[in-house]
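Model the following, please.
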Amino acid sequence: MNELATSPNARQSNGEGPRFDPGITEPIWKIRWKMNMRSLAQNWEVFKESRVGMFGLMIIIAFGIFGLLWPIMINFVWDPLVYHPVVGFDPIMMHPSPPVAGHLLGTDPIGRDILAQLMFSTGREFLLGVLSAVISVVVGTFIGAMAAYYGGFTDTLFMRLADIVMLFPFVPLLVVIGSMMRLDIFSFAVILGFLEAFGGITVILKAQALQVKVRPYIDAARVAGGSDLHIIRAHIIPNVLPLSFLYMMFNVTAAIVSEATLSFFGVLNIDMSWGMMIHTAETAGYLFDFGKYWWLWAPSGFFITLFCAAFYMVGRGLDEVVNPRLRKR
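Here you go, the predicted model:
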């Protein structure tokens, strides 16, 4: 039997469950779904008014299309022996070669096509950025909500842990971790996500959760017999999620920059990425002659910058959704 929605003045009877209003027959899950969809539509209308946010979203979509072109090109258009981003080689040309008809962005010192490397790496950058951001937001939101709700020892434990994580310089810490173990894209995304989750994002989301904790409906839920887990899951976390999504956009940017930095240092166990493209130019001695061999570093550097800027712009657009004071009157 479906759970039915109650009227606003429905009361709990002693051991008999809620008293239902016979005039309302829709299941509660359906009412909540409609309310969530209505809220999502309203937030989308607010987001569309942000030119910066919409421009960033279009850039992200363009990157997604560009990355999806890779399997089509390598399976139906390009010769894998020439255009494979890791082991490809063009025996006809001298390398590194500038952009020509067969290689629109030139080749690197090993003879690999720059355009193919960019396409191949785009999907990996999406995986790294989104996975690390989702882990950091999910873990950070739950920890921040728990610290705000319980206070006391729980709050002290997680806040001191956040202080310790923020105490260490981020990039050197990742370099040390990368020197201790072999990091691929997936393991690096997981480690990066947890480091960000136990860092500054926990402090910020805890502050937001504290504002929710003191609202009257939290006391009403507690008096009605709601468990701590139910209150955190159904009342505190949903009110913190908008801010969590905002910081998720910024965490994608931090993940991409961190990967590019560690790849440049040669710490990560990754065969190809935008950062590895710059690392290849540097190890071959072409990076500091950047004016003459610009195609070895400019495309990947431009992609890193534009990709991070796109997520930052989407974050700015979401800022207007989260903060009503920034909306246009």
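
wait, is H103 part of a strand?
No. H103: not assigned to a strand; according to DSSP: H, G, I helix; E, B strand; the rest coil it is coil.

so what's it up against?
D90, M93, S97, D113, I114, L115 (CB atoms under 8 Å, 6 or more residues apart in numbering). C-beta here means a position set from N, CA and C on the backbone, and glycine is covered the same way.

Can you tell me the closest non-neighbouring residue to the second one?
For M93, the nearest residue in space outside its immediate sequence neighbours is T107; the separation is 6.6 Å by CB to CB, 6 or more residues apart in numbering.

what's near enough to touch G199?
A162, V165, M166.

burial count for the nearest residue to it once chain neighbours are set aside?
Distances taken as CB to CB, 6+ apart put V165 closest to G199, at 4.3 Å, once the chain neighbours are dropped. Using other CB atoms under 10 Å, V165 has 18 other residues around it.

again with E45
10.

T253 touches T305, doesn't it?
No. The pair T253 / T305 is not scored as a contact, 10.3 Å apart, by CB atoms under 8 Å.

top helix in this structure by residue count?
helix 114-150 (DSSP state H).

And that one, what does it pack against?
helix 51-72, helix 152-167, helix 185-197, helix 200-213, helix 228-231, helix 237-264, helix 274-283, helix 298-322 (3 or more CB pairs under 8 Å, 6 or more residues apart in numbering; DSSP states H and E).

of all these, which lies closest to V139?
helix 185-197 (3.7 Å; CB to CB).

Residues in contact with the closest one: which ones?
With CB under 8 Å, 6+ apart, helix 185-197 has contacts from 124, 127-128, 131-140, 143, 165, 170, 173-174, 177-178, 181, 183, 251, 254-255, 258-259, 262, 268, 270, 273.

what distance separates it from the middle of the whole chain?
11 Å (CA atoms, centre = their mean, to the nearest Å).

quick check: angle from that helix to helix 237-264?
Note on geometry: by axes from the mean of the first three to the mean of the last three CA atoms, to 10 degrees, helix 185-197 and helix 237-264 are set 130 degrees apart in direction.

got the CA coordinates for helix 185-197 in PDB?
C-alpha atoms of helix 185-197 as PDB (Å, rounded to 0.1, in the frame of the first residue of the first chain):
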ATOM      1  CA  ILE A 185      43.800   8.700 -12.700                       C
ATOM      2  CA  PHE A 186      41.300   6.800 -10.600                       C
ATOM      3  CA  SER A 187      43.400   6.400  -7.400                       C
ATOM      4  CA  PHE A 188      44.500  10.000  -7.700                       C
ATOM      5  CA  ALA A 189      40.900  11.200  -8.000                       C
ATOM      6  CA  VAL A 190      39.900   9.200  -4.900                       C
ATOM      7  CA  ILE A 191      42.800  10.500  -2.800                       C
ATOM      8  CA  LEU A 192      42.300  14.100  -4.000                       C
ATOM      9  CA  GLY A 193      38.600  13.900  -3.300                       C
ATOM     10  CA  PHE A 194      39.100  12.700   0.300                       C
ATOM     11  CA  LEU A 195      41.800  15.300   1.000                       C
ATOM     12  CA  GLU A 196      39.500  18.000  -0.200                       C
ATOM     13  CA  ALA A 197      36.500  16.500   1.700                       C
END
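
Could you list the buried residues of it?
I185, F188, A189, I191, L192, G193, F194, L195, E196, A197 (16 or more other CB atoms under 10 Å).

quick one: it to helix 200-213, angle?
Interaxial angle, helix 185-197 versus helix 200-213 (the same axes, to 10 degrees): 50 degrees.

can you give me the mean pLDDT across helix 185-197?
The average pLDDT within helix 185-197 is 90.

quick one on the thing from earlier: whichever of the contacts of H103 count as buried, I'd like them selected in ChimeraX; how would that read?
Buried members of the contacts of H103, defined by 16+ other CB under 10 Å, are picked up in ChimeraX with:
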select :90,93,97,113,114,115
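
Out of the contacts of H103, which is nearest to A234?
Distance to A234 across the contacts of H103 (CB to CB) is lowest for L115, with 49.1 Å.

still on that earlier bit, what's the average pLDDT for the longest helix of the chain?
93.

can you pull the contacts of K206?
Contacts of K206 by CB under 8 Å, 6+ apart are I143, G144, A145, A147, A148, D155, F158, M159.

picking that back up, and the buried ones among the contacts of helix 185-197, selectable in ChimeraX?
Only the buried entries of the contacts of helix 185-197 go into this ChimeraX selection, using 16+ other CB under 10 Å:
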select :124,128,131,132,133,135,136,137,139,140,143,165,170,174,177,178,183,251,254,255,258,259,262,268,270,273
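
pLDDT below threshold where in this protein?
1-25, 290, 323-329 (pLDDT under 70).

Nearest spatial neighbour of F250, chain-adjacent residues omitted?
Spatial nearest neighbour of F250, chain neighbours left out: G315 (5.2 Å); criterion: CB to CB, 6+ apart.

Could you check how many residues crowd around the one you found?
So G315, with other CB under 10 Å, has 22 neighbours.
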